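[1] Using only what follows, build the 3D model:
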Amino acid sequence: FSTHDFHCDEGLHGSYILDIATKGDWLFCSTDVDRPPVFFYVTALFVKALGNHDNVLRLPNFMGSIASILLIYLICIRLFNRKTALWAAFLLAVSPYNIVFGPTVFIDVLMSFFILWSFYLLCIDKAFLSGIVFGLALGTKQPAIMAIPVFICFSILLCWKSNNTFNIKPYLKKYSKWIYGCLIILALVFVWSALCQRPRFGMLGKAFSHQSSVFTLDFGSFFERARQWWQYIKLTFNSLPLNILFILSIPLLVYNSVRLFFNIEFRRKFEIIADIILIVFVYTHILLFVVFQFKVYDRYLLLISPFMIIVLARILNYIIKSPVMRNKFIKTGFILVIILSCLCSDRKSTRLNSSHIPLSRMPSSA
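    Just a heads-up that it's a prediction; the model follows:
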């Protein structure tokens, strides 16, 4: 929790937080920021309550990373079944990304927590609250907007599941509340940006403009970028067996969908469609990272790593239920291999810090 030095970005974020907590500069009158304020405000409240210390700055992300384990369990319970939920919670708990980035002052961790929380509220039919929490995700870091497609798809799927059919009018009436909740937070962010030292009315668009040529196609270095992103993608699990299973997730889930879809009850059809949505969402985002000129930082994958973990949990659930696993010895051996692979997956997690050079320590009194 407290053994690593602050990365230079963490030190910068810490300085913003301390400006709020110790100087009362809630509107950044003396600082020019290019991020929305939610993360800084949340952490500043911790500092005011618990004191000015490096570990206090880490607490919001640390608590969010732990709460995410419970949230991913509850999401999978609502969408799938208990076995999938247990696998997903376990995979997230031992994921090097969750372990390494949890006790940091990077903004992405809290953004990912808010996205998961919003997704869970959507699953339990709390559309308005889900919109508010997703607004908090956008108010934490702007790339949260990239998660909107999965919310749209699952809102349609959940509406179909609850009514056994899809009717556009009830759907719009119900999920317009999600938009209203989100707009409330965005309106507050807009007001905040207007009151800053330098008004930033395009604050949300800043996510896609602060890096030059973000949406420029980059086919010339496609294979090099694919290699770079793969180095980070595989660190989500950091285990050869788990990475192989994740790569095979598309053919395995597509095969399962074709084999079962027309011969099963409604609930299983819902699960298969949910699998397909998650697969498309995860791999589309990975492809976008590769094709467009996004800078290559491991922490950017925190946006989709929980969904990658759910996909792998679904694969493990299907494999364990397959006919070949009816033999108890084979089934037990497979489960033990996966669990041992998970428990050993963080042994090389220090490789995640390869993009965090140079490191700089921010003094507690900074």
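
[2] from the chain's centre, how far out does the top helix by length along the chain sit?
    Longest helix in the chain, counting residues (DSSP state H): helix 168-195. In this view, helix 168-195 has its centroid 21 Å away from the chain centroid, taken as Cα atoms, centre = their mean, to the nearest Å.

[3] now swap in stretch 51-64 and tell me
    Relative to its chain's centre, stretch 51-64 lies at 19 Å (Cα atoms, centre = their mean).

[4] Remind me what the helix or strand containing Phe114 packs against, helices and strands.
    Counting by DSSP states H and E, the element that carries Phe114 is helix 107-123. Here helix 107-123 touches helix 38-50, helix 54-79, helix 127-138, helix 148-163, helix 305-320, going by 3 or more Cβ pairs under 8 Å, 6 or more residues apart in numbering; DSSP states H and E. Where you see a C-beta, it was placed from the backbone N, CA and C, and this is true even at glycine.

[5] at 6 Å what do you get?
    Judged by 3 or more Cβ pairs under 6 Å, 6 or more residues apart in numbering; DSSP states H and E, the packing partners of helix 107-123 are helix 54-79, helix 127-138.

[6] Can you give me the neighbour number for Leu172?
    Close neighbours of Leu172, defined as other Cβ atoms under 10 Å, add up to 11.

[7] related to what we said a few turns ago, check which element follows the longest helix of the chain along the chain.
    Using DSSP H and E, the first helix or strand after helix 168-195 is helix 222-233.

[8] out of the helices and strands packed on helix 107-123, deepest packed?
    Each of the helices and strands packed on helix 107-123 was scored by mean neighbour count; the highest is helix 127-138, a mean of 24, by mean count of other Cβ atoms under 10 Å.

[9] Taking their axis directions, that helix and helix 148-163 sit at what angle?
    Inter-element angle recorded for helix 127-138 and helix 148-163: 170 degrees (by axes from the mean of the first three to the mean of the last three Cα atoms, to 10 degrees).

[10] which residues are in contact with helix 127-138?
    By Cβ atoms under 6 Å, 6 or more residues apart in numbering, the surrounding residues in contact with helix 127-138 are 38, 111, 114-115, 117-118, 121-122, 144, 174-175, 177-178, 181-182, 185-186.

[11] Stretch 83-103 too?
    Contacts to stretch 83-103, defined as Cβ under 6 Å, 6+ apart, come from residues 1, 58, 62, 65, 69, 72-73, 76-77, 109, 235-236, 238, 305, 309-310, 313-314, 316-317, 342, 345-346, 349, 352.

[12] try 7 Å this time
    1, 58, 61-62, 65, 68-69, 72-73, 76-77, 109, 235-238, 299, 301-302, 305-306, 309-310, 312-314, 316-317, 342-343, 345-346, 349, 352 (Cβ atoms under 7 Å, 6 or more residues apart in numbering).

[13] what does stretch 156-172 give?
    Contacts for stretch 156-172 (Cβ under 7 Å, 6+ apart): 123, 174, 270, 273-274, 277.

[14] same thing but 6 Å
    270, 273.

[15] follow-up on the earlier one: need the buried ones from the contacts of stretch 83-103 selected in ChimeraX.
    To isolate the buried subset of these in ChimeraX, counting by 16 or more other Cβ atoms under 10 Å, use the following:
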select :58,61,62,65,68,69,72,73,76,77,109,235,236,237,238,299,301,302,305,306,309,310,312,313,314,316,317,342,345,346,349,352
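
[16] The helix or strand where Val280 lies vs helix 54-79, what angle?
    Assigned by DSSP H and E, Val280 belongs to helix 266-291. Angle, helix 266-291 to helix 54-79, by the same axes, to 10 degrees: 140 degrees.

[17] how much does helix 266-291 deviate in direction from helix 222-233?
    If you take the same axes, to 10 degrees, helix 266-291 sits at 120 degrees to helix 222-233.

[18] and helix 266-291, what does it pack onto?
    In terms of contacts (3+ Cβ pairs under 6 Å, 6+ apart), helix 266-291 is packed against helix 148-163, helix 222-233, helix 249-260, helix 305-320.
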